[in-house]
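[1] For reference, the sequence and a predicted model appear below.
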Amino acid sequence: MFRKLTLGIMATALLLGVSTAVQARITDPANDILATYTGVQGGDLDVLSSEVIYDGTGFNLTATFNGDIRTTPGAFYVWGFNRGGATNAPFASIGADQVIFNSVVVLRSDLAGPVGGAVNLIGATPSSTPLAPGTATINGSTISARIDANLLPSTGLAPSQYTWNLWPRVGAGNNNQISDFAPNNSNVGVVAVPEAGSASLLAPTLIAALGIFVIRRRNPKVA
């Protein structure tokens, strides 16, 4: 009986702690600027780590670079998402044929003011939604933003199943303006964490189970 109760408590604890148990952040080697890139090689164009966390209502994007952001004028950061059924792989010519996407989130490190950007949906009828200045924040070499899930509607996958890749670039229009991919030549899945409300609903169950366990340990005759 004790063993079953203990296993139940452990399972509940794991459910409550899933957001910290999952390794969300991917790492990318330093100084791995693409050989095909022809622009200025600033540290803010070299990805060191990145993550995308889905919290039930939105996507939290974070990336850290090998130098302070806003070092390179004109640099911006693109997260490409596969929301399901993506076939767009425009980077095969530079060795990134496994980076596929059907939408992008673009964050611009405007030297003159707050960071803004856009969400672009790619398909038969492409569309773009501007992001308000200040949507993203910069802290030294790290840029972060939260994108509402409504801006990235499903095209087959559940939001918790979306995959993504990040690439910095300077200018748009040519693949030789892309400085790095993270991961190097693949997509990676978003990390889904339970909403705070869901975790709080489980908390009373865990507390009650722990209380019963303590009582029975102190008095084995308690049924």
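    Received, thanks.
[2] so where does the most centrally placed residue in the chain fall, helix or strand?
    The centroid of the chain falls nearest to residue 52 when counting by C-alpha atoms, centre = their mean (0.7 Å). Using DSSP states H and E, residue 52 maps to strand 47-54.
[3] buried residues in that strand?
    47, 48, 50, 51, 52, 53, 54 (16 or more other C-beta atoms under 10 Å). (Glycine included, C-beta is placed from N, CA and C.)
[4] ok, now stretch 152-160?
    152, 155, 157, 159.
[5] Only the C-alpha atoms, please, for stretch 135-148, written as PDB.
    The C-alpha trace of stretch 135-148 is given here as PDB (Å, rounded to 0.1, in the frame of the first residue of the first chain):
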ATOM      1  CA  THR A 135       7.100  43.100 -28.300                       C
ATOM      2  CA  ALA A 136      10.600  41.800 -27.900                       C
ATOM      3  CA  THR A 137      13.100  42.700 -25.300                       C
ATOM      4  CA  ILE A 138      16.900  42.800 -25.500                       C
ATOM      5  CA  ASN A 139      19.200  42.100 -22.500                       C
ATOM      6  CA  GLY A 140      22.800  42.200 -23.600                       C
ATOM      7  CA  SER A 141      23.300  39.200 -25.900                       C
ATOM      8  CA  THR A 142      19.800  37.800 -25.400                       C
ATOM      9  CA  ILE A 143      16.600  38.600 -27.300                       C
ATOM     10  CA  SER A 144      13.200  37.400 -26.100                       C
ATOM     11  CA  ALA A 145       9.600  37.700 -27.200                       C
ATOM     12  CA  ARG A 146       6.100  36.300 -26.600                       C
ATOM     13  CA  ILE A 147       4.000  35.500 -29.600                       C
ATOM     14  CA  ASP A 148       0.200  34.900 -29.100                       C
END
